[in-house]
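[1] Fold the following and give me the result.
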Amino acid sequence: MTHNSSTFTGPKIALFEPDIPQNTAAIIRTCACLGVKLEIIEPCGFLLNDKRFKRVVMDYMDNKMIRFYQSFDRFYESKENHRIVLMTTKAPISYTKFKFEKNDTILFGRESAGVPEKVHKLIKNKLKIPMKDNKRSLNVSSSVAVILAESLRQTNLI
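    Below you'll find the predicted structure:
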C-alpha cells in the first residue's frame, strides 16, 4: 500500500537516530505490512546498504512509505499541526490509558540512549509500555508493533 504524504491518513512511526540496522529493518516490515508511514530522524547509526539491514528488510523497503529528516529540528517543525507521542520508559502514563488519534506521529528513541532531554521537554504526550518485575524495556521493533496495533485498533484503521 502506498500513500502520498499529503493524502495519507493514519498514524506515523518515527525513529530518532536509530542505531541497530536489524531493528529498523523489522520496523520497516511492520509498517509496510500495516500500511503505515515511517519517518527516520537522522543521523542513522548504519548505512541502508548494511547487509544486516538488507537481510531483515528483504523486499519490504518502499521509499514512498519512508521519509528521512536531516535533524530532529526539521522533523519537529514539520509536525506543527500534528501531535507527537513519545514512547519512553520514563513516562508516567501507560499506552493503554491513552486515546490515540488517527494522525498521531509515534516517536521511538534510539536503542542505545532513547531521546535527549531537549526532546523530552518539547513533547507533551509521553507513554510507556508497563513492564513486569522491573524489566527495562522491550526491543524497539516489538514496542513499535505493540503500540502501532493499539493505535490502529483505537482509530479503527485495522
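
[2] from here on, contacts and neighbour counts on C-alpha atoms
    OK.

[3] And stretch 72-80, what's buried?
    Residues of stretch 72-80 classed as buried under the neighbour-count rule (16 or more other C-alpha atoms under 10 Å) are 72, 75, 76.

[4] contacts for it?
    Identification of contacts with stretch 72-80 by C-alpha atoms under 8 Å, 6 or more residues apart in numbering yields 16, 41, 42, 69.

[5] Would you mind reformatting those residues (as JSON lines) and adding columns for distance to residue 108, pLDDT and neighbour count while you're at it?
    Shown next, in JSON lines, are the contacts of stretch 72-80 (distance: C-alpha to C-alpha, whole Å; pLDDT from 0 to 100; neighbours: other C-alpha atoms under 10 Å):
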{"residue": "16", "distance to residue 108": "6", "pLDDT": "98", "neighbour count": "25"}
{"residue": "41", "distance to residue 108": "10", "pLDDT": "97", "neighbour count": "23"}
{"residue": "42", "distance to residue 108": "13", "pLDDT": "94", "neighbour count": "17"}
{"residue": "69", "distance to residue 108": "14", "pLDDT": "96", "neighbour count": "18"}
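
[6] Quick check: the farthest pair among those residues?
    16 and 69 (9.7 Å; C-alpha to C-alpha).

[7] export the helix or strand of the chain with the lowest mean pLDDT as PDB, just CAs?
    Per-element confidence for the chain was summarised using mean pLDDT, DSSP states H and E. The lowest value among helices and strands belongs to helix 51-57, with a mean of 74. What follows is helix 51-57, C-alpha atoms only, in PDB (Å, rounded to 0.1, in the frame of the first residue of the first chain):
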ATOM      1  CA  LYS A  51      24.000  -6.500   5.000                       C
ATOM      2  CA  ARG A  52      22.300  -6.900   8.400                       C
ATOM      3  CA  PHE A  53      19.700  -4.400   7.400                       C
ATOM      4  CA  LYS A  54      19.100  -5.900   3.900                       C
ATOM      5  CA  ARG A  55      18.800  -9.400   5.400                       C
ATOM      6  CA  VAL A  56      15.800  -8.400   7.600                       C
ATOM      7  CA  VAL A  57      14.200  -5.800   5.400                       C
END
